[in-house]
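J.: okay, sequence plus prediction incoming.
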Amino acid sequence: MNDFDEQEFLKSRLAQGEELEPCVFPELYTLSAAFIYQFTPVAKSPTSPEIVIIPNITSDSHSLIGMLASWNSLWEAAQFRKEAISARQLKSELPELASWIKKLPKANIYLFPETKLMYEVYAPLYHVLPKSILDRYNLPALKRPIWPNNGTRWWYDKILPSDFIHRLSKAFAMHIWRYIDGGSSINAFSPSEPLRLLSHNLDYWMPAAIMTIERFWREFERIEPESPKQRRLLDRAQKLNDPDVLIERPRKGGTLWMGEEEANYITEQIVETADQHGNLRALIDAVRSNRVVEDFSSCWSFAREDFERKLYSKRSKTRVSFVELKDTLPVHSRYSEYTDNLLWEDFTAVLDPRERHIVVCLRNGTTKLGDIASMLGYANHSPISKALVRIRKKAKEFLDAS
């Protein structure tokens with residue numbers, strides 16, 4: 001492809017003219033699984049979705065990208081995706097991935113490649129942002145994308161800025177802030193203010209965004225059988241009366257949202273879902289008043305004691321509260337910190353310098369986090385997580401300077 005052709009192609013990826021009108025932009029579109037499967041299992045009681053980011057994937061891994069597309073398109077199968085994927089095809093094309101998937105716990109897991117810019121993972125958050133916020137952070141207005149976006153594209157690196165995640169984090173925080181604190185501008189708070197850190201944390205919001213997408217997608221009609229044979233197969237499968245799954249035709253694809261008004265409504269739904277499944281209001285309350293949901297698990301008393309001892313000073317002893325957020329939705333990646341079945345993230349270290357009080361929150365997801373971390377090579381089995389060391393260092397610097 002010569003330079004002129006490449007430039008024309010890149011230009012064609014950007015929304016232009018009427019495509020940028022507030023009644024049209026932003027937009028997110030989805031494709032039906034019928035492009036891959038004739039039928040899809042539908043979990044009768046789907047578990048909440050979690051995200052696993054697989055490392056060491058390049059844009060040349062066409063078989064892997066195709067397998068991720070197949071896996072994620074089975075979203076209605078939820079925790080029964082493994083049973084729906086062709087084990088023979090997977091083992092012949094990607095034996096290493098086949099072995100890894102076989103060990104996955106029975107959970108509703110989305111798989112995404114770890115890429116330089118990570119656009120594939122965070123696209124839903126990107127595409128609720130209005131043009132005004134994209135412009136403010138020098139982010140391009142991309143044409144209608146498809147979700148799930150399962151593979152890398154060479155043109156992402158050409159169009160998106162090299163610090164895409166950093167800019168997206170700031171842009172999404174600006175967009176979401178009115179739902180966190182409607183009375184004050186985000187710029188009224190310092191960059192280290194805990195609620196501001198929470199608003200920037202894309203991994204916190206992403207599972208809620210996926211749950212919102214799934215809820216709206218379930219309103220789409222199913223594709224009718226395309227032949228008498230397909231109808232007979234469907235009727236036969238539906239008579240099996242499996243206690244866990246139904247067999248159905250895939251749902252249609254189409255527009256999930258279009259325009260600023262619908263994108264704002266989706267944003268509201270993401271916030272509500274984050275509250276129901278991510279303890280959003282509990283986190284906000286912990287920041288504002290230091291009231292906590294419950295005492296931290298007693299089996300972690302050694303962690304509390306060690307943490308307090310190393311923060312102790314003769315001038316003033318710092319009080320530490322540990323809070324376990326049960327059944328929250330994790331994003332498993334190399335940037336997460338694990339200790340046994342608990343996941344730590346930076347935004348959950350809540351500091352109150354006036355009271356010399358630290359509230360340390362940890363997520364306890366619906367699956368065995370340590371199992372997934374171990375398979376991905378992320379596990380940290382030391383008695384005190386590296387996250388504790390990092391939080392303690394930040395806290396000491398912050399409190400000593402106050």
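T.: It's in. Computed from a predicted structure; not experimentally measured.
J.: now do the helices in the stretch 101-250 of the chain.
T.: Remark: helices assigned in the stretch 101-250 of the chain by DSSP state H, counting those that start in this stretch are 119-126, 131-136, 154-159, 164-180, 194-200, 202-217, 228-238.
J.: between the ones you listed, which gets nearest to residue 249?
T.: Distance to residue 249, taken as C-beta to C-beta, is lowest for helix 228-238 among the helices of the stretch 101-250 of the chain, at 6.6 Å. Heads up, the C-betas are built off the backbone N, CA and C, glycines and all.
J.: what mean pLDDT does the closest one get?
T.: For helix 228-238, mean pLDDT rounds to 93.
J.: coming back round to it: and of the helices of the stretch 101-250 of the chain, who's closest to residue 271?
T.: helix 164-180 (4.4 Å).
J.: list the buried residues in that closest one.
T.: Buried residues in helix 164-180, counting neighbours by 16 or more other C-beta atoms under 10 Å, are found at 164-165, 167-177, 179-180.
J.: name the helices or strands packed onto it?
T.: With contacts defined as 3 or more C-beta pairs under 8 Å, 6 or more residues apart in numbering; DSSP states H and E, helix 164-180 has these neighbours: helix 119-126, helix 131-136, helix 194-200, helix 202-217, helix 259-278.
J.: show the average pLDDT along the longest one.
T.: Helix 259-278 shows a mean pLDDT of 92 in the predicted model.
J.: list the buried residues for it?
T.: 259-260, 262-263, 266-267, 269-271, 273-275, 277-278.
J.: let's have those in CSV, adding distance to residue 202.
T.: Shown next, in CSV, are the buried residues of helix 259-278 (distance: C-beta to C-beta, whole Å):
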residue, distance to residue 202
259, 23
260, 21
262, 21
263, 17
266, 16
267, 14
269, 17
270, 12
271, 14
273, 15
274, 12
275, 17
277, 16
278, 13
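J.: out of those residues, which comes closest to residue 82?
T.: Among these, and counting by C-beta to C-beta, the member closest to residue 82 is residue 277, at 23.0 Å.
J.: so that closest one touches residue 212, yeah?
T.: No: assessed by C-beta atoms under 8 Å, residue 277 is found out of contact with residue 212, at 10.5 Å.
J.: and of the helices of the stretch 101-250 of the chain, who's closest to residue 244?
T.: helix 228-238 (13.7 Å).
J.: list the helices and strands that closest one packs on?
T.: Partner elements for helix 228-238 (3+ C-beta pairs under 8 Å, 6+ apart): strand 245-248.
J.: now do the buried residues in stretch 212-224.
T.: For stretch 212-224, by 16+ other C-beta under 10 Å, it's 212, 213, 214, 216, 217, 220, 223.
J.: ignore what I typed, I meant stretch 246-261.
T.: 247, 248, 249, 250, 251, 252, 253, 256, 257, 258, 259, 260.
J.: what sits opposite the fifth one in the beta ladder?
T.: Applying DSSP bridges to residue 251 gives these bridge partners: residue 222.
J.: correct me, but it touches residue 73?
T.: No: using C-beta under 8 Å, residue 251 makes no contact with residue 73, being 10.4 Å away.
J.: overlap in contacts of those two?
T.: residue 33 (C-beta atoms under 8 Å, 6 or more residues apart in numbering).
J.: could you list the low-pLDDT ranges of the protein?
T.: The model of the chain has pLDDT under 70 over residues 1-4, 56-61, 86-96, 150-152, 189-195, 197, 282, 286-330, 332-402.
J.: domain ranges for it, per the record?
T.: Per automatic domain parsing, the structural domains of the chain span 14-278, 280-401.
J.: output stretch 173-187 as PDB, nothing but the C-alphas.
T.: Presented in PDB, the C-alpha positions along stretch 173-187 are these (Å, rounded to 0.1, in the frame of the first residue of the first chain):
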ATOM      1  CA  ALA A 173     -13.000  10.600  34.000                       C
ATOM      2  CA  MET A 174     -14.200  14.000  32.700                       C
ATOM      3  CA  HIS A 175     -17.300  12.300  31.200                       C
ATOM      4  CA  ILE A 176     -18.200  10.200  34.200                       C
ATOM      5  CA  TRP A 177     -17.500  12.800  36.900                       C
ATOM      6  CA  ARG A 178     -21.000  14.400  37.100                       C
ATOM      7  CA  TYR A 179     -22.300  11.000  38.300                       C
ATOM      8  CA  ILE A 180     -19.700  10.800  41.000                       C
ATOM      9  CA  ASP A 181     -19.800  14.400  42.300                       C
ATOM     10  CA  GLY A 182     -22.400  16.500  40.600                       C
ATOM     11  CA  GLY A 183     -21.700  19.600  42.800                       C
ATOM     12  CA  SER A 184     -18.000  20.100  41.900                       C
ATOM     13  CA  SER A 185     -15.800  20.100  38.900                       C
ATOM     14  CA  ILE A 186     -13.200  17.400  38.600                       C
ATOM     15  CA  ASN A 187     -10.600  20.100  38.300                       C
END
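J.: show residues contacting it.
T.: Against stretch 173-187 from outside (C-beta under 8 Å, 6+ apart): 128-130, 133, 136-137, 195-196, 198-200, 205, 267-268, 271, 284.
J.: what's the closest of those to residue 230?
T.: residue 128 (36.4 Å).
J.: ok, and the closest non-adjacent residue to the closest one?
T.: Once flanking residues are discounted, residue 128 sits nearest to residue 263: 4.4 Å by C-beta to C-beta, 6 or more residues apart in numbering.
J.: now the one you found: how far from residue 49?
T.: 21 Å (C-beta to C-beta, to the nearest Å).
J.: same deal with residue 250?
T.: From residue 250 to residue 49 the distance is 18 Å (C-beta to C-beta).
J.: then residue 210?
T.: For residue 210, the distance to residue 49 - C-beta to C-beta - is 5 Å.
J.: that older thread, quick check: the residue nearest to residue 128 touching residue 256?
T.: No: here residue 263 lies out of contact with residue 256, judged by C-beta under 8 Å, at a distance of 9.8 Å.
J.: where do the strands sit along the chain?
T.: Residue ranges of the strands in the chain, as given by DSSP state E, are 27-30, 40-43, 50-54, 109-113, 146-147, 245-248, 254-258, 319-326, 331-332, 337-339, 342-344, 349-352, 357-364.
J.: now the fourth one against strand 50-54, angle please.
T.: Direction vectors for strand 109-113 and strand 50-54, defined by axes from the mean of the first three to the mean of the last three C-alpha atoms, to 10 degrees, enclose an angle of 30 degrees.
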